[in-house]
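*Asks:* I'd like to go over a predicted model; first the sequence, then the structure.
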Amino acid sequence: MSADPLLSVRNLKKHYPITKGILKKEVGRVKAVDGISFDVAPGETLGLVGESGCGKSTAATSLLRLEEPTDGQILFDGDDIVEHGDADLKAFRRRAQMMFQDPSSSFDPRMSVGESVAEPLAIHGMRDRARRRRIVEDLLERVGLSAAAYDRYPHEFSGGQKQRIALARALVLNPDLVVADEPVSALDVSIQAEIISLMRDLQTEFGLSIVFISHDLGVVREVCDRVAVMYLGEIVEVADTETLFSDPKHPYTKALLSSIPTPDPSRRNEGVELSGDVPSPSNPPSGCRFHTRCPAVIQPEAFDLEQAEWRHVLDLRLRVERGVDASDIREFLVAEGEAPTPEEVPDAAVARELRREFDVPQTLSDPNAETVLSDAISALVEGEHDEARRTLNDSFSSVCERDHPELESTSAGTSAACLRVDTERRIDPPPTS
Amino acid sequence: MSDTAPLLSVRDLRVQFNTDEGVVRAVDGISFDVAPGETVCVVGESGSGKTVACESITKLIPMPPGEIAGGEVRFDGDDLTDASEKQLQSIRGDRIAHIFQDPQGALNPVYPVGAQIAEAVRLHSDVSKAAARDRAIDLLDRVGIPEATNRVDDYPHEFSGGMKQRVVIAMALAADPDLLIADEPTTALDVTIQSQILNLLRDLQDEFGMSIIFVTHNLGVVAEVADRVVVMYAGKVMETGSVHDVFERPSHPYTKSLLECLPGIGRSMEPIGGSLPDLTAPPEGCRFHPRCPHATADCRSGSHPELLEAASDHRAACVYYGPGYDVSAIRGDGEAETRATDGGRDDSHDSHGDSR
C-alpha cells in the first residue's frame, strides 16, 4: 500500500435517534456505527465482517452518503465527500457504486434488464440510446450473459444470473470503487463460487477497489486483501486476510473464526462458543463493548481463577446487576419438583440452582473469590438484592468494563482494539500479584 | 448402518407437483434409512428436492398441487404414505416433530411463548394447565433460555433470532418425539449463534435419544452434526454414506465438485459451472451429466444410474461404479484426506498463505 488510499474513512459515525412523544423528543440513540476509520487503496478489496447488527451495512450506506453520516470524514481521492453539494455528490457517485444482497428486489420488475443496466448511463448524461445499448450489451457479455439478455426481464433469470446483472449495473459507469453488501449471501455455494471468481476477474480488468461486506468469513477469506472486523459499531481488528485467519489477535475475531463450521467431520466441537447475543447498540456496554461476551475478559489482580470460571462469575454478576429475583428461582425449583411450594424450597437449593444456571462451580478454585461469591449469593437468596450487587461489584469488576481500548498495532503487525493487546503485559497468562 | 431396524425407512419415494408448466418431479425415487438415535443430513443446493422430501414424510406439502406419486415411507413399521389425515395428525408433533428455517414464522406473535409451548404439551398429553406450564418452563430451561421462569410469559418479539429458534426447539421437544426433522434450522442465524444451536441440538439428542433428519445446504454444518449424509441433486440421491466416508473420500463427481466450490478453506475454489436442470424436463441419463467433467456416452442416455456400492456402506449413483469403468478417475483419494486435515481452523491457516 504505497499509493495514496482511494478511500479514507475517519471516525465515521451514524447514530439513529430514538424519539418519543408528539414533539419527537430525542430519548436515546442507536449508535449503529460509532467512530470507525479505515483506508482502501486503489485496486484493493477490503472486507467488513461481523454479526448481524454490528453496523456493517450502515457503514456501507453512510460511506456512499446514501444516508447522511452523523459525524466523521470520508475522503475519496482526497476530497471530503461529507462536505459535497449536490453536483459534487453526483460526480462522486459516478465513481462509486453499490451492489446489494438480494438481486430480486434490486431490479424493477417492469424494466428490461438492459434498461436497468443502462439507467445510470442516462442519469449521468449519455443521451445516445444506441450507444448506451452497445455499452450494456458488451458489459452483459463480460459478466457471462449473452447480449440478447438486454431485452429480457428480471424474472426470467435465476438468482446467480441476476447477481451478474447487478454486477454489470455497478460497473456500467466504469467506477473506481464498488461497495458490495453481502453480494453472494443469498446464493447457493456453487453459484457463490462463480460470482466470486467473476468479481475477482473484473476487479483486475477494471482496476477496482471493493469494500466487501459479509458475515461469511469463508467468502471473505476468498475475496479480500484486508479485513476489518466490526462489533457493535466499532472496528475491533484490522489485518491482512491471511494474517487475520492464521493469527487473530482480538478475542472476538478468534471466537468468530472458530465458530465457522469446517467441512471436516473429524474436527468437531473445537470451537470457542460465544455465550449470549450481541447487546443492543442503543445502550452499548461500557469500556470494551465485547466484555459481556468475551472469553478472555481480564480478571481483577486480586484473584487467580480459571479463565472459564471467571467468565461465568462475571456473567452472574452482570446478570445480578440487571436484577435477579430469588423467588423466580424458587418457583422454577417447584416446577422441577424440588418442593411443593416456593416457601419450602431450602435456601441451599436456591444457591445451588443459581450457580448451576451460570455454570459457576459449587466451589470456586480461588478461596478469596469463593468467600465473596458465597456471601453475595446468600444475600441474594435472602432477598438482599442491593447488598448482593454491592458485594459483587466491589470485588468482581474487570478493567475491560472501565477502559475503552483503542486500535493499537499488535505483534503480528495488525491492529486490534483489546486491552490484552494494548498492555502487552496482560497477554495470557493473566498476571498474579 | 447399524444392525437395529431403522426408525424411518424411505423407499423409492416420488413426489411431484402438477403445475401449469408441466409436472415437476421434485423428488424422483429416493431411498434412505434413519436409525434410532442417528443424525442423517440431507444436503443439496436449492431446488434439489431436499425440503420436499422431508416434508413429504408427514405429508406437510400442499396437496394439490403436490402429490406422492409412488414409494413408501415406513416409520416404525407403518407406511405413512397411505396413512389417513387423522393418523398423521397423531404422529406429527407427537412422534415426528419439525423445525423450520424461520423461527419467526413458526411462532404466533400474539401469544406468550410459554402458552404456545404449553399448548403443544397439552395437545399430546392429558395434563392440567399448571403442569403444562411447568413443563414449558422446564423445556425452556433445557434449551438454554436463561431465567426460564421469567421469560415464559414473554412474547416472541421479545426474543432474539437465536433465542426464538431455541423456543421453537423447545416446542418441538414438547411431546418427546422419536424423530426431529430440522429444515435449515440455522441458516437464518449468525455463525456464532449457529454454533450455539448446533451444540444445543447435539446435547439434546444425547439427552432425549431422538433421531434427527437435518436438512441443510451448508457442508460445514453437515460435517459438524451428521452421522450419515444423503447428498441430493435434482430430485435424486447422488451419494450416501457415513459422514467420514463422504467427506474424506467423496465418491460422486457432484459431491466432489460441491466440496471444491466451498470458499475460504485455504485452497483454490472451483466453481461447478452450468446450472441446475429444469425439473419439468430433466436431462436423459444421469441428472448431473451436463455439468460433470467425467461424463461419458453412457451417462448421457438411458435412465439415472442406480446407487452402486463405492465401499462398504458408502454408495454413489454413478456409472463409474458399474462394470468396465476405472473408479480411480472419479473417487476422492488420499488427496481429499490431506485437504480435510489442513482446512479450516485458525491454527492451520499459515501453510496456505500462497495458495490463492
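*Replies:* Everything's here; your move.

*Asks:* rest of the way, CA atoms for contacts and neighbours
*Replies:* OK.

*Asks:* from the middle of its chain, how far away would the helix or strand containing residue A:230 be?
*Replies:* Using DSSP states H and E, residue A:230 sits in strand A:226-231. Remark: strand A:226-231 is offset 7 Å from the chain centroid, using C-alpha atoms, centre = their mean, to the nearest Å.

*Asks:* also stretch A:254-266?
*Replies:* 18 Å.

*Asks:* state the mean pLDDT of that stretch.
*Replies:* Here stretch A:254-266 scores 83 as its mean pLDDT.

*Asks:* okay, now the unreliable bits of chain A?
*Replies:* Residues of chain A that meet the criterion pLDDT under 70 lie in A:1-3, A:269-271, A:422-433.

*Asks:* quickly list the domain ranges of it.
*Replies:* Domain assignment for chain A by automatic domain parsing gives A:7-231, A:307-397.

*Asks:* tell me which of the ones you listed lies nearest to chain B.
*Replies:* Among the domains of chain A, domain A:7-231 comes nearest to chain B, with 3.9 Å by C-alpha to the nearest C-alpha.

*Asks:* what about the closest one, start to end distance?
*Replies:* Domain A:7-231 has its terminal residues 22 Å apart, counting by C-alpha to C-alpha, to the nearest Å.

*Asks:* touching, residue A:152 and residue A:112? I think so.
*Replies:* Yes: Residue A:152 is within contact range of residue A:112, at 5.5 Å (criterion: C-alpha atoms under 8 Å).

*Asks:* which residues touch whatever helix or strand residue B:24 lives in?
*Replies:* Secondary structure assigned from DSSP H and E places residue B:24 in strand B:22-34. Defining contact as C-alpha atoms under 8 Å, 6 or more residues apart in numbering or on different chains, one finds that strand B:22-34 is touched by B:6-18, B:40, B:47-50, B:52-53, B:70-71, B:211, B:213, B:230, B:234-237, B:279-280.

*Asks:* just the buried subset of these, please.
*Replies:* B:6-17, B:40, B:47-50, B:52-53, B:71, B:211, B:213, B:230, B:234-237, B:279-280 (16 or more other C-alpha atoms under 10 Å in any protein chain shown).

*Asks:* which positions within the helix or strand where residue A:39 lies qualify as buried?
*Replies:* Assessed by DSSP H and E, residue A:39 sits inside strand A:25-40. The neighbour-count criterion (16+ other C-alpha under 10 Å) identifies A:30, A:31, A:32, A:33, A:34, A:35, A:36, A:37, A:38, A:39, A:40 as the buried residues of strand A:25-40.

*Asks:* for residue A:80, name its beta-bridge partners.
*Replies:* Under DSSP bridges, the beta-bridge partners of residue A:80 are residue A:75.

*Asks:* burial measure for it, as a count.
*Replies:* 15 (other C-alpha atoms under 10 Å in any protein chain shown).

*Asks:* next one: phi and psi at residue 215?
*Replies:* This is for chain A. phi -100, psi -10 (degrees, to the nearest 10).

*Asks:* what is the neighbour count of it?
*Replies:* 21.

*Asks:* that one against residue A:53, yeah?
*Replies:* No: between residue A:215 and residue A:53 there is no contact under C-alpha under 8 Å: 10.6 Å.

*Asks:* am I right that residue B:99 is in contact with residue B:169?
*Replies:* Yes: with contact defined as C-alpha under 8 Å, residue B:99 counts as touching residue B:169 (6.7 Å).

*Asks:* okay, these two: which has more neighbours?
*Replies:* residue B:169 (27 against 19).

*Asks:* so the more buried one, which of the three states?
*Replies:* helix (DSSP: H, G, I helix; E, B strand; the rest coil).

*Asks:* ok, it - contacts?
*Replies:* B:99, B:143.

*Asks:* coming back round to it: can you list the strands that the strand holding residue B:24 pairs with?
*Replies:* Counting by DSSP bridges, strand B:22-34 is paired with strand B:8-19 (antiparallel).

*Asks:* what comes into contact with the partner strand?
*Replies:* B:23-35, B:52-53, B:56, B:64-76.

*Asks:* which among those count as buried?
*Replies:* B:24-35, B:52-53, B:56, B:66-69, B:71-75.

*Asks:* circling back: name every strand pairing with the strand holding residue A:230 and say which way it goes.
*Replies:* strand A:45-49 (parallel), strand A:234-240 (antiparallel).

*Asks:* the helix or strand just after the shortest one near chain B anywhere?
*Replies:* Tracing the chain past strand A:45-49, the next element assigned as helix or strand by DSSP H and E is helix A:56-63. No: Helix A:56-63 is not in contact with chain B by C-alpha under 8 Å from any C-alpha of the partner chain; minimum separation 13.7 Å.

*Asks:* which parts of the stretch 201-350 of chain B are strands?
*Replies:* B:211-216, B:228-233, B:236-242, B:308-311, B:314-316 (DSSP state E, counting those that start in this stretch).

*Asks:* and those strands, which one averages the lowest pLDDT?
*Replies:* strand B:308-311 (a mean of 82).

*Asks:* mind giving me the packing neighbours of that one?
*Replies:* strand B:314-316 (3 or more C-alpha pairs under 8 Å, 6 or more residues apart in numbering or on different chains; DSSP states H and E).

*Asks:* tell me what the strand it packs on is packed against?
*Replies:* strand B:236-242, strand B:308-311.

*Asks:* for the closest residue to residue A:122 other than its chain neighbours, what are its contacts?
*Replies:* Leaving aside its chain neighbours, residue A:122 sits nearest to residue A:132 (7.9 Å; criterion: C-alpha to C-alpha, 6 or more residues apart in numbering or on different chains). Listed by C-alpha under 8 Å, 6+ apart, the contact partners of residue A:132 are A:118, A:121, A:122, A:126.

*Asks:* go with 10 Å
*Replies:* A:114, A:115, A:117, A:118, A:119, A:120, A:121, A:122, A:126, A:172 (C-alpha atoms under 10 Å, 6 or more residues apart in numbering or on different chains).

*Asks:* repeat that for residue A:402.
*Replies:* By C-alpha under 10 Å, 6+ apart, the residues touching residue A:402 are A:285, A:286, A:287, A:288, A:291.
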